[in-house]
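# got a predicted model here, sequence first, then my questions.
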Amino acid sequence: MTDAGKAHMGILDELDALKAAALERIDSASDLGALNAVRVEVLGKKGTLTGVLRGLGSLPSEERPAAGKVSNEVRTAIEQALEARWSTLADAELAARVAAGAVDVTLPGRRRLPGRQHLISQIVDEVVDIFLGLGYQVAEGPEVELDYYNFTALNHPPTHPARSATDTFYVRDRSAAAAPGVEGAPSEALLRTHTSPMQIRVMEAQEPPVYVIVPGRVYRRDIADPSHLPQFHQVEGLVVDEGITFGDLKGTLDHVCKELFGHDRVTRFRPHFFPFTEPSAEVDVSCGICEGGGCRFCSYTGWQEILGCGMVDPNVFGYVGIDPERYTGFAFGMGVERIAALRHGVPDLRMLVEGDMRFLRQF
Ligand code: PHE
């Protein structure tokens, strides 16, 4: 027999002996602690089996596969024996403790509360999925935004009421505060009041064709009431391409409303004004809480406004250097909380942020 052959035999014999010894010790381990000690001694980092496996590397390569196969079999046999002995010993220990009165097996188990997505995140995902199905891309942008993107480039005149400090949260420059208690100088930064500033950022970054949606949080200086929150979510949409018409806008939004609310729900387009779209419209869905009869949630109109939309104003194209003779586009922004409320008959938007599990668990 060659030397290599001897070495081969050696390792197989060694494995055999190791397996026999391990199984014997597993069988005679009398408690879980002793069994765990055997596990560590054999399978642990410095364990005996681990040591033999390391030796495999020095075998001639033609002998390694056979030796590898045997050592895997040995490992599996040991693991199975450990597992079987573990469950026998664990059952016996539990039975002994129950007999001694140390464990009350009639106690109810501890209830686990699995986490889940908040209703608002579920709806954002759903809206995003609908648009992904239409071939749109998803973009996200900053919640602390510059005045330029939130207002100026969206064609808001300097005196527009939305710019007032009673409607918008402005970030103040504390380093410029003259004295303690003084608010600090107004700055160019604010909490975005809508997701529309991303229209500008997207068009600055990308040439048409643009088909994009932007989910995100927005902030307004409103007092919370059944239909308003100072912080809420919108999904913005922007399309810029050759030959885009108001008909494309209506067709797209009609499809989306039907997907979201069901094909029996009614929508209506009302003429409206936004500085950055012309013409503009608001879209209402029939109120699902009173089914059109009128209630506190819909201010007794039977309709709930869920989105604003319109054709991109050529002035806006001017800010981002897109040729309005070649391209047209549409944009929309929908309120996610309102969609949630309408879909599920939530009579007060504040319930969405109170964190009451009895409410949230329903979704
Ligand atoms: N940004 C508008 C709002 O928050 C909605 C809107 C978006 C309107 C896009 C037109 C186009 O009310």
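That came in fine, so what should we check first? Residues are numbered from 1 along each chain as shown.
# show me the contacts for the residue in the stretch 101-250 of the chain positioned nearest to the ligand.
Closest approach between the stretch 101-250 of the chain and the ligand, counting by Cβ to the nearest ligand atom: residue 194, at 3.4 Å. Any C-beta I mention is one placed from the backbone N, CA and C, and that applies to glycine too. Counting by Cβ atoms under 8 Å, 6 or more residues apart in numbering, residue 194 touches 150, 218, 234, 236, 333.
# near the ligand, which of these show up?
Among the contacts of residue 194, the residues within reach of the ligand (Cβ under 6 Å from any ligand atom) are residue 333.
# ok, of the contacts of residue 194, which one's closest to residue 61?
Checking those against residue 61 by Cβ to Cβ gives residue 236 as the nearest, at 62.1 Å.
# for the helix or strand containing the closest one, which helices and strands make contact with it?
Using DSSP states H and E, residue 236 falls within strand 231-241. Judged by 3 or more Cβ pairs under 8 Å, 6 or more residues apart in numbering; DSSP states H and E, the packing partners of strand 231-241 are helix 119-133, helix 197-205, strand 210-219, helix 246-261, strand 328-335, helix 336-344.
# and the nearest residue to residue 334 once chain neighbours are set aside, how many residues sit next to it?
Distances taken as Cβ to Cβ, 6 or more residues apart in numbering place residue 307 nearest to residue 334, at 3.8 Å, with adjacent residues excluded. For residue 307, the count of nearby residues is 23 (other Cβ atoms under 10 Å).
# same question for residue 13.
Residue 13 has 10 nearby residues by other Cβ under 10 Å.
# all helices for the chain, in order.
Here the chain has its helices, by DSSP state H, at 3-28, 32-43, 48-55, 64-99, 119-133, 147-150, 197-205, 246-261, 314-320, 336-344, 357-360.
# any chance of those in JSON lines, plus mean pLDDT?
Below are the helices of the chain laid out as JSON lines (pLDDT from 0 to 100):
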{"stretch": "helix 3-28", "mean pLDDT": "78"}
{"stretch": "helix 32-43", "mean pLDDT": "91"}
{"stretch": "helix 48-55", "mean pLDDT": "83"}
{"stretch": "helix 64-99", "mean pLDDT": "90"}
{"stretch": "helix 119-133", "mean pLDDT": "97"}
{"stretch": "helix 147-150", "mean pLDDT": "96"}
{"stretch": "helix 197-205", "mean pLDDT": "98"}
{"stretch": "helix 246-261", "mean pLDDT": "94"}
{"stretch": "helix 314-320", "mean pLDDT": "97"}
{"stretch": "helix 336-344", "mean pLDDT": "92"}
{"stretch": "helix 357-360", "mean pLDDT": "92"}
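# circling back: ranking the helices and strands packed on strand 231-241 by burial, who's on top?
Ranked by mean neighbour count under mean count of other Cβ atoms under 10 Å, the helices and strands packed on strand 231-241 are led by strand 328-335, which reaches a mean of 24.
# ok and that one relative to strand 210-219, angle-wise?
Counting by axes from the mean of the first three to the mean of the last three Cα atoms, to 10 degrees, strand 328-335 lies at 30 degrees to strand 210-219.
# buried set for stretch 141-159?
Going by neighbour count (16 or more other Cβ atoms under 10 Å), the buried part of stretch 141-159 is 141, 145, 146, 147, 149, 150, 151, 152, 153, 154, 155, 156.
# ends of it, what's the gap?
26 Å (Cα to Cα, to the nearest Å).
# what about it, distance to the chain center?
27 Å (Cα atoms, centre = their mean, to the nearest Å).
# from the buried residues of stretch 141-159, which land in strands?
Per DSSP state E, strands hold the following members of these: 145, 146.
# returning to that earlier point: alpha carbons of the strand holding residue 236, as PDB, please.
The C-alpha trace of strand 231-241 is given here as PDB (Å, rounded to 0.1, in the frame of the first residue of the first chain):
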ATOM      1  CA  GLN A 231     -48.200  66.400   7.800                       C
ATOM      2  CA  PHE A 232     -49.600  64.100   5.100                       C
ATOM      3  CA  HIS A 233     -48.600  62.100   2.000                       C
ATOM      4  CA  GLN A 234     -48.900  62.800  -1.700                       C
ATOM      5  CA  VAL A 235     -48.100  60.900  -4.800                       C
ATOM      6  CA  GLU A 236     -47.000  63.300  -7.600                       C
ATOM      7  CA  GLY A 237     -47.100  62.400 -11.200                       C
ATOM      8  CA  LEU A 238     -45.400  64.000 -14.200                       C
ATOM      9  CA  VAL A 239     -45.500  63.100 -17.900                       C
ATOM     10  CA  VAL A 240     -43.600  65.100 -20.500                       C
ATOM     11  CA  ASP A 241     -43.500  63.900 -24.100                       C
END
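# quickly run through the sheet partners of it, with directions.
strand 210-219 (antiparallel), strand 328-335 (antiparallel) (DSSP bridges).
# reformat those as JSON lines; add mean pLDDT.
Below are the strands paired with strand 231-241 laid out as JSON lines (pLDDT from 0 to 100):
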{"stretch": "strand 210-219", "mean pLDDT": "98"}
{"stretch": "strand 328-335", "mean pLDDT": "98"}
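# what would the ones you listed look like in TSV with distance to residue 248?
Output for those, formatted as TSV (distance: least, Cβ to Cβ, whole Å):
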stretch	distance to residue 248
strand 210-219	11
strand 328-335	6
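# ok, residue 78 - contacts?
Residue 78 sits in contact with 19, 22, 23, 26, 42, 43, 49, where contact means Cβ under 8 Å, 6+ apart.
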